[in-house]
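In: Show me the folded form of this:
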Amino acid sequence: MERRLMKSRAVKEDDKKVKREQLIRAAIALFNKSPFEKISMDQIAKKAGVAKGTLYLYFKTKEELFLEIHRMDYEFWFESFQTYLKSKSPGLAPAELASWITESLRENQRMVRLMAIGSALLEKNVVYESAFRLKDAVRRHVLESSSDLSRVLKLKKPEIAIEFLTYLHALIVGLWHHAEPSPIVSKVLSSSDDFEIFRIDFFRILETAILTLLNGLSKDR
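Out: Below is the predicted model of the structure:
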């Protein structure tokens, strides 16, 4: 009897996991085609093929759902980052690291888009547990990667590597807002060549800025 009960619970947990992943995939599919602001819980439920009430059993708000996607993207990126760093020897050229970071973000543009709306939108309408889960995951990865980052860049202290990751986050968010303006501003910028100075290549400028940051760290190490 007890064994049957345990098996039943395991099946239910598996079903919950499958349903949760189904909802996340639906939200991602919608986000691939539309900005966050234009996506509704109704659309997510319809895309996933579930009742809206079922969606709310797993995620209380749209922000909570996308914050979880953001956490997953962060985890994936940091794991790739740490694997890359562990494969490198001390004395890694700043240009090589800047190039790797830029290309990794080019391949993970969903993470960049969510970073850009993180504090302004995603973190405003979520429960404590969701916010804690995200911040704790990022904290762990920052601390773990800072050690290897310090090693390959030959920095005096891991704290310098942590500062670099903080600067990097601010740089990505700020530059993305500049490179991806609102539709009305985009229309203004495309109306005349006079506004060419505001039309920027996000990844090209990002790589240059990261390299500048890394060269600055090299002088301070």
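
In: quick one, what contacts Asp201?
Out: Each residue near Asp201 by Cβ atoms under 8 Å, 6 or more residues apart in numbering is listed here: Ala179. Just so you know, the C-beta spots here come from the backbone N, C-alpha and C atoms, and that holds for glycine as well.

In: Please apply the same query to Ile162.
Out: Contacts of Ile162 by Cβ under 8 Å, 6+ apart are Val142, Leu143, Ser146.

In: With Glu207 instead?
Out: Ala98, Ser99, Ile101, Thr102.

In: how about 10 Å then?
Out: Ala95, Ala98, Ser99, Trp100, Ile101, Thr102, Glu103, Leu105, Arg106, Asp201 (Cβ atoms under 10 Å, 6 or more residues apart in numbering).

In: Now the third one: which helix or strand?
Out: In other words, Ser99. helix 94-106 (DSSP states H and E).

In: what about the following helix or strand past that helix, distance to the chain center?
Out: Next along the chain after helix 94-106, taking DSSP H and E as the criterion, comes helix 109-117. In terms of Cα atoms, centre = their mean, to the nearest Å, the centre of helix 109-117 is found 5 Å from the chain centre.

In: Just want the angle from the next helix or strand after helix 109-117 to helix 94-106.
Out: Downstream of helix 109-117, the next assigned helix or strand under DSSP H and E is helix 128-153. With axes from the mean of the first three to the mean of the last three Cα atoms, to 10 degrees as the basis, helix 128-153 and helix 94-106 are set at 150 degrees to each other.

In: List the buried residues of the helix or strand following helix 128-153.
Out: On the C-terminal side of helix 128-153, the closest following helix or strand by DSSP H and E is helix 158-179. Residues of helix 158-179 classed as buried by neighbour count (16 or more other Cβ atoms under 10 Å): 158, 160-165, 167-168, 171-173, 175-176, 179.

In: follow-up on the earlier one: what's the PyMOL line that selects buried ones from the contacts of Ile162?
Out: Selection of buried members from these for PyMOL, criterion 16+ other Cβ under 10 Å:
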select buried, resi 142+146
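
In: Just give me the closest of the contacts of Ile162 to Tyr58.
Out: Distance to Tyr58 across the contacts of Ile162 (Cβ to Cβ) is lowest for Val142, with 28.0 Å.

In: quick one: low-confidence parts of this structure?
Out: 1-14, 218-221 (pLDDT under 70).
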